[in-house]
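> Fold the following.
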Amino acid sequence: MHIKFHSPHCSPSITMMIFLGVLIGLLCAIILLALLKFLHKFWWVPMRIKHVMSSQGISGPPYHFIYGNIKEISNMMKNSMSSTMDISHHLFPQIQPHFDSWFHIYG
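Just a heads-up that it's a prediction; the model follows:
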């Protein structure tokens, strides 16, 4: 009876497969970490701020995922800049129309 023992050294194809497995696992971990950081910054933090503010009785415009209120602000700024500017002591509604509008809506 003849018994064969395996060589303690792995063949090059097995070594390459192990290396690729580790590399793919590392890449997946990096992608998952980046996704978690993205969700934390653009979803968790704004929702937490909204919750804390509403628990104190402070309301505001609704938050939209990723871009927030930028579209609403830019539309208000375009409308404000397209109209003629009244030179008086009441410049705030023309310079910051979103704040003026939200102040009247939400207090």
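
> How far does stretch 83-103 stretch from one end to the other?
With Cα to Cα, to the nearest Å as the measure, stretch 83-103 spans 21 Å from end to end.

> Check what contacts that stretch and list those residues.
With contact meaning Cβ atoms under 8 Å, 6 or more residues apart in numbering, stretch 83-103 is reached by 60, 61, 69, 72, 73, 76, 77, 79, 80. Every residue, glycine included, has its C-beta placed from N, CA and C.

> and if we set it to 10 Å?
59-61, 69, 72-81, 104 (Cβ atoms under 10 Å, 6 or more residues apart in numbering).

> buried residues in that stretch?
Neighbour-count burial for stretch 83-103 flags 94, 96, 97, 98, 100, 101, 102 (criterion: 16 or more other Cβ atoms under 10 Å).

> Look up how far residue 41 lies from the fifth one.
As judged by Cβ to Cβ, to the nearest Å, residue 100 and residue 41 stand 29 Å apart.

> again with the second one
Counting by Cβ to Cβ, the gap between residue 96 and residue 41 amounts to 25 Å.

> The first one too?
Counting by Cβ to Cβ, the separation of residue 94 from residue 41 is 32 Å.

> pLDDT on the lengthiest helix in the chain, on average?
Secondary structure of the chain per DSSP state H: the longest helix is helix 12-39. Taken as a whole, helix 12-39 carries a mean pLDDT of 93.

> Next, report how far the next helix or strand after it is displaced from the centre of its chain.
Moving toward the C-terminus from helix 12-39, the next helix or strand (DSSP states H and E) is helix 45-55. With Cα atoms, centre = their mean, to the nearest Å as the basis, helix 45-55 stands 15 Å off its chain's centre.
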